[in-house]
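Q: Need coordinates for the below:
(chains A and B)
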2 protein chains.
Amino acid sequence: VTGAYIAVDWGTTNRRAYLVDADGRVLDTVRDDRGVLAIERSEYPGELATLRGKLGALPVIAAGMIGSTRGWVDAPYVAAPADLAGLAAARAIVPGEDVSIVPGVKLTGARSDVMRGEEVQVLGAIAAGLAPADALFCQPGTHNKWVRTEAGRIVDVSTAMTGELFALLRGNGVLKGMLDGVVADGPAFRDGIARGAGATDLTVALFEVRAAVLLDALAPEDAAAFASGVLIGADVGARDLDGRDVHLLASGPLADLYAVAIAARGGRVIAVDNQAGFLAGIHAFWELTR
Amino acid sequence: VTGAYIAVDWGTTNRRAYLVDADGRVLDTVRDDRGVLAIERSEYPGELATLRGKLGALPVIAAGMIGSTRGWVDAPYVAAPADLAGLAAARAIVPGEDVSIVPGVKLTGARSDVMRGEEVQVLGAIAAGLAPADALFCQPGTHNKWVRTEAGRIVDVSTAMTGELFALLRGNGVLKGMLDGVVADGPAFRDGIARGAGATDLTVALFEVRAAVLLDALAPEDAAAFASGVLIGADVGARDLDGRDVHLLASGPLADLYAVAIAARGGRVIAVDNQAGFLAGIHAFWELTR
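A: Here you go, the predicted structure:
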């Protein structure tokens, strides 16, 4: 079996590189923390040489923050509605390197939003039959992305700074020292969801964490789970999910918390393998551009 | 003219001490940054001696964070509904020091909230006839307090972490470096109010600041004003102010921004001198406890 190309999910803090054959099968994988923030622009040729030394002297297709102004080569956003053909047509090619960079997707008009990397997972999941062409996707992370597709095209993107906000509040300010407990599903997390979902006074709800602990209305060890519930509840509760399928493109503890919150709001969670989505998206991209 | 007591507004980062006569007139003032965070518990007797050295060997009435667990002597919260007589009855007296500390007010039940120091301004403003006995107060700051009174008693408190959140986002994370512009009233601030008011997706609105700058939909120099508008708009817009009097207990640029936002939401802003409110509240307290 021979590799056909190297697919790289090149994010802000992490990097995952896959050696893939012409049928889309993964032959080898490299995972490390050489994300965009760890690399100077001048270091990318050396990074590529190292990756190719491990995986083979093959064409590279990379997606994610590597195509941002903080990355290697700027791959300007493609406007929604966007599909894989549109992304392929607008790819950035690094001169002399046989490296293609998948552009991100932008939403303009009444709202502004952007994504880089997540679009490959979404469109790949559809291409691979892991999700229908008309679907709502949820991609938890430091920033949670809600993505809506119609006829296999990304038509809407909403980025919620949920995880970042939790981290900021845990490390700074008046809630510092109060949010170090375990965040897991349970009564405190569910109470938080109920408080945060649909709330127009999110910053009041967050202060209540402190007040409730001070007044013995919330156990200190439950404060982190409650606060997480408030933030994830607000994130999930901002949209009408009742009776709706939500394709959850993530795994692990954070995905589990979102699954609880989505179900609490009446949504039906359908787990989708985000790595499979990414690989299917890159493979379709490769076929479109080979 | 002889001083009768020393009133101290002893907050987290600042301290204001007033020498007051028996008629409530201010004879002298000391302002400095000797807030609670700058003082170890063992240093308070020395701090008091220094203040009395400047203002006179008189009884001291102090309010604010000095009565918190981070302060000198814990003055447990009085439950709402709370009035000055209730605060006076529950005062903490520092043994051997002739120092009274005004307790804060707590809200328990469906919501938890707390305040320390602001309650003196509110109840003092009513005592001095600067505001009616049934009123809604807004007290902008790092944390904005909304306080509702009925028959001269505090019946409701909501603390919004608006200013803290702005500061956290300006200094950290994905918006860092984007929020250093001037925050002032103008089209960007008003657009922000419109986006934030009533929003159930505040963290999405905050990410839009970044996306809109990246996509040239928002001028970089307007990003701070827009983000401030989103946060203050969310704070103000979480309550129905249409046609309502809002007693704004603050002054300066932040109070001006809240005034704009309150007016944009249909509220009628009535500026109340917060120092006068504080002094009237402490004077009433002194008369109740002398």
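
Q: residues near the residue nearest to residue A:224 when sequence neighbours are not counted, how many?
A: Nearest residue to residue A:224 in three dimensions, chain neighbours excluded: residue A:181, at 4.0 Å (Cβ to Cβ, 6 or more residues apart in numbering or on different chains). C-beta: built from backbone N, CA, C; applies to glycine. Residue A:181 is flanked by 17 other residues according to other Cβ atoms under 10 Å in any protein chain shown.

Q: Any buried residues in stretch A:281-290, and which?
A: Using 16 or more other Cβ atoms under 10 Å in any protein chain shown as the test for burial, stretch A:281-290 gives A:281, A:282, A:283, A:284, A:285, A:286, A:289.

Q: what residues are up against the fifth one?
A: For residue A:285, the contacting residues are A:61, A:84, A:87, A:88, A:91, A:100, A:102, A:120, by Cβ atoms under 8 Å, 6 or more residues apart in numbering or on different chains.

Q: A strand includes it, no?
A: No. Remark: residue A:285 does not belong to a strand; assigned using DSSP: H, G, I helix; E, B strand; the rest coil, it is helix.

Q: so what's it closest to, chain neighbours aside?
A: With Cβ to Cβ, 6+ apart, the residue lying closest to residue A:285 is residue A:88, at 5.4 Å.

Q: Mind checking what secondary structure the one you found has?
A: Reduced to three states by three-state DSSP, residue A:88 is helix.

Q: where's it relative to chain B, distance?
A: Residue A:88 sits at a distance of 22 Å from chain B (criterion: Cβ to the nearest Cβ, to the nearest Å).

Q: Might one say that that residue is in contact with residue A:290?
A: No. Using Cβ atoms under 8 Å, residue A:88 is not in contact with residue A:290; the gap is 10.1 Å.

Q: Could I get the full set of helices for the stretch 1-150 of chain A?
A: A:44-55, A:84-89, A:118-127 (DSSP state H, counting those that start in this stretch).

Q: And the contacts of the first one?
A: Read it as helix A:44-55. Helix A:44-55 has contacts (Cβ under 8 Å, 6+ apart) with A:3, A:6, A:8, A:17, A:19, A:28, A:30, A:34, A:39, A:58, A:60, A:66, A:72, A:94, A:97, A:99.

Q: Can you give me every residue that contacts the second one?
A: If I follow you right, that is residue A:6. By Cβ under 8 Å, 6+ apart, residue A:6 lies in contact with A:17, A:18, A:19, A:20, A:51, A:52, A:55, A:56, A:58, A:59, A:60, A:61.

Q: what's the answer for the third one, then?
A: Contact criterion Cβ under 8 Å, 6+ apart gives A:15, A:16, A:17, A:18, A:51, A:60, A:61, A:62, A:63, A:64, A:66 as the residues in contact with residue A:8.

Q: Against chain B, how distant is the first one?
A: Remark: distance between residue A:15 and chain B (Cβ to the nearest Cβ) = 19 Å.

Q: So what's the residue count around the nearest residue to that residue once chain neighbours are set aside?
A: Among residues not flanking residue A:15 along the chain, residue A:34 sits closest, at 4.8 Å (Cβ to Cβ, 6+ apart). Residue A:34: 18 surrounding residues under other Cβ under 10 Å.

Q: same thing with residue A:32?
A: There are 12 residues near residue A:32, going by other Cβ under 10 Å.

Q: try residue A:41
A: 11.

Q: you'd agree it is up against residue A:72?
A: Yes. Here residue A:41 reaches residue A:72: they are 6.3 Å apart, a contact under Cβ under 8 Å.

Q: Would you map the strands across the stretch 51-200 of chain A?
A: A:60-64, A:78-79, A:92-94, A:99-101, A:105-107, A:113-115, A:135-139, A:144-150, A:153-160 (DSSP state E, counting those that start in this stretch).

Q: Let me know the pLDDT of residue A:251.
A: Looking at residue A:251, its pLDDT is 89.

Q: Look through the stretch 1-150 of chain A and state the residue closest to chain B.
A: Nearest residue of the stretch 1-150 of chain A to chain B, counting by Cβ to the nearest Cβ: residue A:112, 3.9 Å away.

Q: does the closest residue to residue A:196 other than its chain neighbours count as helix, strand or coil?
A: Spatial nearest neighbour of residue A:196, chain neighbours left out: residue A:233 (3.2 Å); criterion: Cβ to Cβ, 6+ apart. Counting by three-state DSSP, the backbone at residue A:233 sits in helix.
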